[in-house]
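In: Sequence below, structure please.
(one chain, ligands or ions: 1)
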Amino acid sequence: MYGPNDHGYIEAAIGPMYSGKSEELIRRLRRAKIAKQKVQVFKPAIDNRYSKVDVVSHNGDKIEGICISNSEEILELLEDDTEVVGIDEIQFLDRGIVHICRTLANRGLRVIVAGLDMDFRGEPFGPTPEILAISEFVDKLTAVCMVCGNPATRTQRLIDGKPARYDEPTILVGAKESYEARCRLHHEVKR
Ligand code: ADP
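Out: Below you'll find the model as predicted:
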C-alpha cells in the first residue's frame, strides 16, 4: 500500500475470516519497520485466539502487539515517536475507535486497520463500516469458500456442524462453535 509521505491517512484491510487480513496487516507493518518507522500494534483483548500479546495470522505469521480493552487505551499507550499504528480485529472495538483513527490520521500518523466487515449473519460488524467510510484506502479481501472454492466474502458460523441461528449473539466467547469462509451462495443463517 502506497500512501502520502507528508500527512496521515487510514488504510483498511477487511473481509471474512481466513481472508488474510492479519497476514496483510503484518506484511504492511513489517515493511514499515524495514523503512525504520516506529510502529505500534494494538488488538482488542477479546481475541485470545493464539496469544495475548501477538497479532497472529492463521498461517502462524506474527508481530508483537498490545492488548487493549477499549479504544481510548490506544491514545494512552501511544508513544510520542510512533509513526505507524496497526489495529487488528477492529470489529470488536467500541465505536470510539472511529474517532481515535481519525485523530491519529489527523495528527499525521499512518493508521492501518484490519477486521471483519460482516458478522456471521452477513450484516455490517460493529464500527467497521464507519471506519471504511473515513479510510483513504480500502482493500476488501476474500478467502476461499469451503463449499465450492469460489471467492468467499462471508463467515459461516457452525454450531455442532450446523448453521447458527440468526438470533444468536454476535460474539460468542467460549462456545463450542466453528467458523469457515463461504461465498454468498453457500453462506447459511438459520431463521
Ligand atoms: P484473517 O485475519 O482474515 O482471519 P489470516 O491472515 O489469519 O486471515 O489467515 C489467512 C490464512 O488462512 C491463509 O493464508 C491460509 O493459509 C489460511 N486459510 C485457511 N482456510 C482458508 C480459506 N478457506 N481461505 C483462504 N485461506 C485460508
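In: Counting neighbours, what do you get for the closest residue to residue 66 other than its chain neighbours?
Out: Sequence neighbours aside, residue 42 is the residue nearest to residue 66 in space, at 5.3 Å (criterion: Cβ to Cβ, 6 or more residues apart in numbering). Every residue, glycine included, has its C-beta placed from N, CA and C. With neighbours defined by other Cβ atoms under 10 Å, the count for residue 42 comes to 24.
In: and residue 42, that's in a strand?
Out: Yes. Counting by DSSP: H, G, I helix; E, B strand; the rest coil, residue 42 is part of a strand.
In: which residues touch it?
Out: Contact analysis of residue 42 by Cβ atoms under 8 Å, 6 or more residues apart in numbering lists 65, 66, 67, 68, 73, 74, 77, 85, 86, 87, 88.
In: how about residue 32, phi and psi?
Out: phi -60, psi -40 (degrees, to the nearest 10).
In: typed the wrong thing, it's residue 5
Out: phi -90, psi -20.
In: That one and the ligand, how far apart?
Out: Distance of residue 5 to the ligand, given as Cβ to the nearest ligand atom, to the nearest Å: 27 Å.
In: Per-residue pLDDT of residue 101, please?
Out: pLDDT recorded at residue 101 is 98.
In: check which helix or strand covers it.
Out: When secondary structure is defined by DSSP states H and E, residue 101 falls within helix 96-106.
In: which residue sits closest to residue 8 in space, ignoring its chain neighbours?
Out: Distances taken as Cβ to Cβ, 6+ apart place residue 105 nearest to residue 8, at 3.9 Å, with adjacent residues excluded.
In: Residue numbers of this protein in contact with the ligand?
Out: Those residues of the chain that sit near the ligand, judged by Cβ under 6 Å from any ligand atom, are 15, 17-23, 57-59, 143-144, 146, 181.
In: Just give me the closest of those residues to residue 188.
Out: Nearest to residue 188, judged by Cβ to Cβ, of those is residue 146 at 11.9 Å.
In: so how many other residues sit close to that closest one?
Out: By other Cβ under 10 Å, neighbour count at residue 146 equals 15.
In: So which residues of the protein form helices?
Out: Using DSSP state H, the helices of the chain run over 21-34, 72-77, 96-106, 128-134.
In: next one: the longest one to chain centre, how far?
Out: Pointing back at helix 21-34 there. In terms of Cα atoms, centre = their mean, to the nearest Å, the centre of helix 21-34 is found 13 Å from the chain centre.
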